[in-house]
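> heads up, no residue letters with this:
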């Protein structure tokens, strides 16, 4: 079975690949590839750690391994080329990362002793901030500007996890349910174009 | 009389409303409303707390109430619709928030023991950073790109507060004077279009 | 000989001038000049300190002197006008700041006990983040979007310093070599338009 730690590295790698792909679209050099991969891969968790006031996860001890994961992801995109990633496969990987990170982020915040609503915000931030930074710095519209369900899936996964744990469920079971719920909603957005109704009052 | 704490919640609510309105203009869904309301409502104070090295105000203890204030503000815009806020009333509320936050931010920094010029920067950041983040992420020109007096009003309120307290004035009186000064300058910008002269040397 | 501290102030001043010039290009007022000068001058070091978990360098003690350096730089651009800075001279000053900051940032991170790859990231961030923030908030394409070698020079200086110190070289000699290497690469970009090959696989 995948351990949480493995899931964590997979999450970083998936987001790092999306960062490198953003650099690939603009035909950037290998250093810019690495910069985008690192920012996107570790951005969300970095903001979470700063906000809850714990040491940033990749800065101390063996955390530098996360940097290597990002560099490997950047290298993979550089060597393999952009085309193989253009399939829907990446969207699905990203959906796995999004749901997993929302749960992991909420869980880490919870362990640091924050209140449930704060844990929900932290889970959502962990899952989405790296991508928002990637798009903003690449001059692309971020998830904050698109119609498709994305942030909502992270919010849902985080809320489900926090609610289930608060109600006394075992953290691993809560995590599994929350992950599947968030992933399902994002899957609906990828496969069927799900959106929430937009604001219409004028 | 309004206590400082109440003023604080009003400030968060006012800025959260401006965040939700930014989402409304782009016809976003309710989750994006909440995201913009939270970012704008608590962004400035968050950066201030990170920089002066104190726990972020909404993360610990009962700080989550600030999140609820932001959600209520987002809900209010969603339910009431965009039109009622289009009056100048919002500009005036925002002016109250701007001046109040510049004073509160400078005061919190001062209590943490920083030097006067640092307290001025912190007050200014607290009052303006949420709005700058809102506009940048919404793809709109931020206060950093506009001519109208906005940041200047925050700087003035923060300088006045810091100078008055440094000169030995009672903090509450200093706060009242600084608030009124900052508010008056911003009021002049709203009502009469006050600007500072722009750079002209070429 | 220039001490490290002097070099530090010169670095802040140089970056602050580039911030004020960004404000000058848009004909902004003096407060916006100061805001851009401060953000650009101290942005990189601020992010570095937050990430490694040490007090932000300009917030405590006599750190406010860095703010005065930024204000003086903004004032210099305002008074002298934009034209005298339009020469290549500024590019060369900026190259000095870039290489010096990459070394200083990596050194400060190293002293805080982080692993070598983390120190490289911190050096790079210190040298480049202020400028990236300046360009993003000014609505200009940042170094992350340009072809010219810029971030690469910072990465190279930081890697050289970290590798040399790890191999047991005296920190001052390592710093000098790293500075010269980073500066030389950036000099090649300024004088001869050096670029790295961009991504071409489709």
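Looks like it arrived, so ask away. Just so we're clear, the structure is a prediction, and the values are computed from it rather than from any experiment. Residues are numbered from 1 along each chain as shown, chains lettered A, B, ... in the order given.

> need the contact list for residue A:110.
A:119, A:162, A:165 (C-beta atoms under 8 Å, 6 or more residues apart in numbering or on different chains). Heads up, the C-betas are built off the backbone N, CA and C, glycines and all.

> got these as CSV, with pLDDT columns?
Output for those, formatted as CSV (pLDDT from 0 to 100):
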residue, pLDDT
A:119, 97
A:162, 96
A:165, 95
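
> and which of those is nearest chain B?
residue A:119 (9.2 Å; C-beta to the nearest C-beta).

> Number of residues surrounding that closest one?
27 (other C-beta atoms under 10 Å in any protein chain shown).

> wait, what's in contact with it?
Listed by C-beta under 8 Å, 6+ apart, the contact partners of residue A:119 are A:106, A:109, A:110, A:158, A:162.

> Among the contacts of residue A:110, which lie within strands?
In strands, judged by DSSP state E, none of the contacts of residue A:110 are found.

> Now flag whichever of these is closest to residue B:141.
Using C-beta to C-beta, residue A:119 comes nearest to residue B:141 of those, at 34.7 Å.

> for chain C, what are the nearby residues on chain A?
Residues of chain A lying close to chain C (C-beta under 8 Å from any C-beta of the partner chain) are A:23-24, A:26-33, A:35-36, A:38, A:46, A:50, A:55-56, A:58-64, A:67-68, A:78, A:80-83, A:136-139.

> ok, now how distant is residue A:109 from residue A:162?
According to C-beta to C-beta, to the nearest Å, residue A:109 stands 9 Å off from residue A:162.

> my bad, residue A:177
Going from residue A:177 to residue A:162 by C-beta to C-beta gives 12 Å.

> Neighbour count: these two, which is higher?
Neighbour totals were compared for residue A:177 and residue A:162, and residue A:162 leads with 26 against 17 (other C-beta under 10 Å).

> what sits against that one?
Residue A:162 touches A:106, A:110, A:116, A:119, A:120, A:123, counting by C-beta under 8 Å, 6+ apart.

> Throw the residues you listed into a markdown table and include distance to residue B:94, thanks.
Below are those laid out as a markdown table (distance: C-beta to C-beta, whole Å):
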| residue | distance to residue B:94 |
| --- | --- |
| A:106 | 32 |
| A:110 | 35 |
| A:116 | 31 |
| A:119 | 30 |
| A:120 | 27 |
| A:123 | 30 |
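
> Closest one to chain B out of these, please.
residue A:116 (7.6 Å).

> can you tell me which of the contacts of residue A:162 are in helices?
A:106, A:110, A:116, A:119, A:120, A:123 (DSSP state H).

> Do you know the pLDDT at the first one?
Residue A:106 carries a pLDDT score of 95 in this model.

> Residue A:179 versus the most centrally placed residue in chain A, what's the distance?
Centroid-nearest residue in chain A: residue A:127, 3.2 Å away (criterion: C-alpha atoms, centre = their mean). Counting by C-beta to C-beta, the gap from residue A:127 to residue A:179 is 11 Å.

> element containing the closest residue to residue A:97 other than its chain neighbours, please.
In space, residue A:97 comes closest to residue A:14 once its chain neighbours are excluded; the distance is 3.9 Å by C-beta to C-beta, 6 or more residues apart in numbering or on different chains. In this structure, residue A:14 sits in helix A:4-25 according to DSSP states H and E.

> Give me the helices and strands touching that helix, please.
helix A:30-52, helix A:64-80, helix A:89-111, helix A:116-137 (3 or more C-beta pairs under 8 Å, 6 or more residues apart in numbering or on different chains; DSSP states H and E).

> For the closest residue in space to residue A:22 that isn't next to it in sequence, give me its contacts.
Leaving aside its sequence neighbours, residue A:22 sits nearest to residue A:138 (C-beta to C-beta, 6+ apart; 4.6 Å). By C-beta under 8 Å, 6+ apart, the contact list for residue A:138 reads A:22, A:23, A:25, A:26, A:36, C:144, C:145.

> wait, the fourth one sits on residue C:145?
What it means is residue A:26. Yes: the criterion here is C-beta atoms under 8 Å, and residue A:26 meets it with residue C:145 at 6.8 Å.

> which parts of chain A sit against chain B?
Counting by C-beta under 8 Å from any C-beta, chain A sits next to chain B at A:50-53, A:113-118, A:121, A:124, A:132, A:136, A:141-142, A:144-145, A:147, A:151-152, A:155, A:195-202.

> Of those, grab the buried ones for PyMOL.
Buried members of these, defined by 16 or more other C-beta atoms under 10 Å in any protein chain shown, are picked up in PyMOL with:
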select buried, chain A and resi 50+51+52+53+114+115+116+117+118+121+124+132+136+142+144+145+151+152+155+199
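
> and the angle from the least confident helix or strand in chain A by mean pLDDT to helix A:89-111?
Least confident helix or strand, chain A: helix A:4-25 with a mean of 84, by mean pLDDT, DSSP states H and E. Relative orientation of helix A:4-25 and helix A:89-111, computed by axes from the mean of the first three to the mean of the last three C-alpha atoms, to 10 degrees: 130 degrees.
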